[in-house]
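*Asks:* Generate coordinates for the sequence data below:
(chains A, B and C)
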Amino acid sequence: MAVETVVSQDGKKLTIKVKGRFDFGKHQEFREAYERKASRPDYVVVDLKEATYLDSSALGMLLMLRDHVGGDDSEVRVVNTSSDVRKILAISNFDKLFDIS
Amino acid sequence: MSDIHIDHKVLSDLQEVMEDGYLNLLDTFLDDSKKRLSQLHEAKSAAELGHAVHSFKGSSSNMGAVALAELCRQLEERVKQQPLYGIEDLINQIDCEYKVVRQLYGEERRRVSID
Amino acid sequence: MPESPLTVLIAEDGAADRLLLARIVSRQGHAVLTAENGEQAVALFAERRPHLVLLDALMPVMDGFEAARRIKTLAGEALVPIIFLTSLSEEEALVRCLEAGGDDFLAKPYNAVILAAKIKAMDRLRRLQATVLEQRDQIARHHHHLLNEQRVAKAVFDKVAHAGCLSAANIRYLQSPYALFNGDLLLAAFAPSGDMHVLLGDFTGHGLPAAVGAMPMAEVFYGMTAKGYGLAQILREMNAKLKRILPVDMFCCAVLLSLSFQRQVVEVWNGGMPDGYLLPVEGGEPLALVSRHLPLGVLAPERFDDSTQVLPMALGQRLLLLSDGVVDTSDEHDQLFGVDRLLRVLADNRQPPLLFEEVLGALEAFRGRSRDDVSLLEIRMVDADELTPAPVMYSDSGQCAPPDWSLQFEFRAETLKRFNPLPYLLQLLQEIHGLRGQSGALHSVLNELYSNALEHGVLGLDSGLKQDVQGFAEYYRQRNERLQALSEGYIRIGLKIEPQGSGGRLTIEVQDSGKGFNASKVLARPLAEQGLCGRGLNLIRRLSRHAEWADDGRRACVEFAWQALA
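*Replies:* Numbering: from 1, shown residues only, chains lettered A, B, ... in the order given. Down below sits the predicted model:
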């Protein structure tokens, strides 16, 4: 599975792991990762440790996720980013919307 | 009626398939065969002979005339090899066999007409 | 009965065999055509187009193999299965049959059961082929429609974007003709004041979705630029529009520039595009114009950051903008061209006019295959007189407005913080036909008067700071800071239109609440020493009929006049 989800015991934290290329091909899977959850999590973590590549459609997917979990009121963290991925996120200044590490 | 000359199973299958066209089939075969025999006798080359006997083999096998078909097959094989010898003998055998077959089909024809 | 009855052609020279076969096949529910030889078979096929053919291999006139070849040719793309009827020896028969285009063979004596099975199998193949051809044709039709839709979209877009000035003398650019469908956007237009606005953008997505977003953006860009709006307002409008109309996951990375040839500065905003470069005239480090903002269409209007960077740009300096297709160009080993290689090309350049070619050349040499999503733009700072902006197009019916009115506005602190009144005032003045010929000058003068009143008057900034890049940065930092903190102060703008002779006269008065300055002293200094501020006053003098400063420099009074139109 290229996109894995883990929900914490108390249901407040949703972790989405993306493996391989984070591009348009992952669109469906990524959406299902957060849409099908019964309750809205308090915060979401996107783990890109095993992601090899990120393009503009991935940025779009992150925006949709953020919008789904509350938009400006949400807290979405993007973690375990490689330097290449961080560079792409930096050019688009996505650190102004997401907590990136 | 001897089964050496005609396979009666084939004949009854033919009758079943052709239904009321059975008589016509028998007549057509007999007519066709006369032409084939002339072709055999009048053939001017090995190729011509080969074609004629090949066709005759095919139609006789369809009609269940097994011995006739077998003789045709032998002649067909013989014609392929040089020098051509024993041809005349085989053609004569085919003539004879056909006479028998024609007789048997005639009887079959009469049998069916009566029924 | 079979699922669907077929028309079967039987070509067999033995009369009895033909009769038998015909009966077997028609008993299986199919329609039967018969032929005695190959020639008849081909003719019958051409006339009746049966679904399936049973061919005797050896026939007089034309044998089965030749007939098969001709029938297959006549059938074209469609599959017409051919079953050979033969009592040839097995191996030889099979080979010859297949070579002649046969699909199967049936031995004598005929076996009805086997024949039925073969016909069924062949029919399945026939129908499969027919389906494949139909789907292929459907796909081709859809593709054709899609290409047509794209062509229409592009035609509409070209109409929207045609008013641009990409062909200006100081611009060089490279853009693929299908850039629109890669989401790449390149727009340039003159503002009425003579300033040049440029936009290089990159929409997410491909194809029509990317193109569709580009159109409203281009309309806003051209419309507002033509009306004299500044970058900040244009950016706010574009962001708000895209945020409203595009789905959440679509946005547009963009870099926007406003070049002022009169003041020799460039204003920059970069949201999500790769670094642009401001190149020195001779050698030295290029200045990177880094993306500091989120792309357009992401943030809600109240959170959007329209702050720009203002930099001095001397005559002969160049700006280089590129889409990410440049840095992302890869060679056959999937190595990226990268920023380092680009910087090396910039550093190695000895003759500035050749820089554009050198960048293109380096890309060509590097990549194995061509890319169609590279956009490259080079803009040179030139003297204002070197460029001839296109004449402004007016959208009214040409009726004259009454030539005798006056009005006064007073803009106070809260309004000054977030509102630029000039576009509205200029719209009013455009009603006066006699003034239209001086539209550019009018825009420039009003811009100068307003920014002087705001920056030097109300905000009390020292234009002496604007000597170099750091100075500019500091100046604009202070400007933002003081503007945010502004709680009192005003700018009064008065416009008076009077008839004069056969034409008319416009008197502009701009008053500010600042400390004032010694205008005559500034104007008296030699031009070179005056710096950018002094240049502004001289510009106003030069462009208008009369200009004077009173009240310690706090009140500027500028006149324009026109003759009646013929």
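
*Asks:* Could you count how many residues lie near the closest residue to A:L48 other than its chain neighbours?
*Replies:* Excluding its sequence neighbours, the residue lying closest to A:L48 (CB to CB, 6 or more residues apart in numbering or on different chains) is A:T81, at 5.2 Å. (Each C-beta comes from the backbone N, C-alpha and C, glycine too.) Other residues within reach of A:T81, judged by other CB atoms under 10 Å in any protein chain shown, total 20.

*Asks:* Quick check, A:T81 in contact with A:I88.
*Replies:* No - A:T81 is not in contact with A:I88 according to CB atoms under 8 Å; the separation is 9.1 Å.

*Asks:* Which single residue of chain A ends up nearest chain C?
*Replies:* A:G60 (3.0 Å; CB to the nearest CB).

*Asks:* Please name the nearest non-neighbouring residue to that residue.
*Replies:* Of all residues not flanking A:G60 in the chain, C:D249 sits nearest, at 3.0 Å (CB to CB, 6+ apart).

*Asks:* Near chain C, which residues of chain A? Just list them.
*Replies:* Residues of chain A lying close to chain C by CB under 8 Å from any CB of the partner chain are A:56-57, A:59-61, A:63-64, A:67, A:72, A:91-94, A:96-97.

*Asks:* let's see 10 Å
*Replies:* Proximity of chain A to chain C, by CB under 10 Å from any CB of the partner chain, involves residues A:24, A:27, A:31, A:55-68, A:71-72, A:87-88, A:90-97.

*Asks:* Now the buried members of the residues you listed.
*Replies:* Among those, the ones that count as buried by 16 or more other CB atoms under 10 Å in any protein chain shown are A:24, A:31, A:56-66, A:68, A:88, A:91-94, A:97.

*Asks:* Show me the residues you listed that map onto helices.
*Replies:* A:31, A:56-66, A:68, A:88, A:91 (DSSP state H).

*Asks:* Starting from the helix or strand C:N447 falls within, tell me the next helix or strand along the chain.
*Replies:* In the assignment (DSSP states H and E), C:N447 maps to helix C:439-451. As assigned by DSSP H and E, the chain's next helix or strand after helix C:439-451 is helix C:469-485.

*Asks:* other SSEs contacting that following helix?
*Replies:* Helix C:469-485 sits against strand C:309-312, helix C:413-418, with contacts defined as 3 or more CB pairs under 10 Å, 6 or more residues apart in numbering or on different chains; DSSP states H and E.

*Asks:* Leaving out the residues flanking it, which one is nearest to the residue in chain B that chain C sits nearest to?
*Replies:* Chain C sits closest to B:F29 of chain B, with a gap of 3.9 Å, by CB to the nearest CB. Spatial nearest neighbour of B:F29, excluding adjacent residues (CB to CB, 6+ apart): C:A16 at 3.9 Å.

*Asks:* got a list of what the one residue in chain A that gets nearest to chain B touches?
*Replies:* For chain A, the residue closest to chain B is A:Q28, as judged by CB to the nearest CB, at 58.8 Å. By CB atoms under 10 Å, 6 or more residues apart in numbering or on different chains, the residues touching A:Q28 are A:V3.

*Asks:* so whichever strand or helix holds C:C253 versus helix C:439-451, what angle?
*Replies:* If you go by DSSP H and E, C:C253 is part of strand C:252-260. Orientation note: strand C:252-260 sits at an angle of 100 degrees relative to helix C:439-451 (axes from the mean of the first three to the mean of the last three CA atoms, to 10 degrees).

*Asks:* which ones are touching the most centrally placed residue in chain B?
*Replies:* The residue lying closest to the centre of chain B (CA atoms, centre = their mean) is B:S60, at 3.8 Å. Contact analysis of B:S60 by CB under 10 Å, 6+ apart lists B:6, B:29, B:33, B:36, B:66-73, B:94, B:97-98, B:101, C:14, C:16, C:108-109.

*Asks:* ok, back up a step: please render the helices and strands packed on helix C:469-485 as TSV that adds mean neighbour count, mean pLDDT and distance to C:Q40 to the earlier fields.
*Replies:* Below are these laid out as TSV (neighbours: other CB atoms under 10 Å in any protein chain shown; pLDDT from 0 to 100; distance: least, CB to CB, whole Å):
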stretch	mean neighbour count	mean pLDDT	distance to C:Q40
strand C:309-312	18	93	87
helix C:413-418	14	90	92
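
*Asks:* Please convert these to CSV, extending it with distance to chain B.
*Replies:* CSV is the format used below for these (distance: least, CB to the nearest CB, whole Å):
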stretch, distance to chain B
strand C:309-312, 94
helix C:413-418, 98
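
*Asks:* and these as CSV, adding distance to C:V8?
*Replies:* Converted to CSV, these look like this (distance: least, CB to CB, whole Å):
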stretch, distance to C:V8
strand C:309-312, 81
helix C:413-418, 85
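
*Asks:* which stretch of helix or strand covers the residue of chain B closest to chain C?
*Replies:* Using DSSP H and E, B:F29 maps to helix B:22-42.

*Asks:* Can you give the distance from whatever helix or strand comes next after that helix to the centre of its chain?
*Replies:* Reading on from helix B:22-42 to the C-terminus, the next helix or strand found by DSSP H and E is helix B:46-63. Distance of helix B:46-63 from the chain centroid (CA atoms, centre = their mean, to the nearest Å) equals 8 Å.

*Asks:* Output helix B:46-63 as PDB, restricted to C-alpha atoms.
*Replies:* Provided in PDB are the C-alpha atoms of helix B:46-63 (Å, rounded to 0.1, in the frame of the first residue of the first chain):
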ATOM      1  CA  ALA B  46       1.000 -36.100 -63.400                       C
ATOM      2  CA  ALA B  47      -0.300 -32.800 -61.900                       C
ATOM      3  CA  GLU B  48      -3.700 -33.200 -63.600                       C
ATOM      4  CA  LEU B  49      -3.900 -36.800 -62.500                       C
ATOM      5  CA  GLY B  50      -3.000 -35.800 -59.000                       C
ATOM      6  CA  HIS B  51      -5.700 -33.100 -58.800                       C
ATOM      7  CA  ALA B  52      -8.400 -35.400 -60.200                       C
ATOM      8  CA  VAL B  53      -7.600 -38.300 -57.900                       C
ATOM      9  CA  HIS B  54      -7.300 -35.900 -54.900                       C
ATOM     10  CA  SER B  55     -10.800 -34.600 -55.400                       C
ATOM     11  CA  PHE B  56     -12.200 -38.000 -56.000                       C
ATOM     12  CA  LYS B  57     -10.600 -39.200 -52.800                       C
ATOM     13  CA  GLY B  58     -12.300 -36.300 -50.900                       C
ATOM     14  CA  SER B  59     -15.800 -36.800 -52.200                       C
ATOM     15  CA  SER B  60     -15.700 -40.600 -51.800                       C
ATOM     16  CA  SER B  61     -14.600 -40.300 -48.200                       C
ATOM     17  CA  ASN B  62     -17.400 -37.900 -47.600                       C
ATOM     18  CA  MET B  63     -19.800 -40.400 -49.000                       C
END
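
*Asks:* This completes my enquiry, with thanks.
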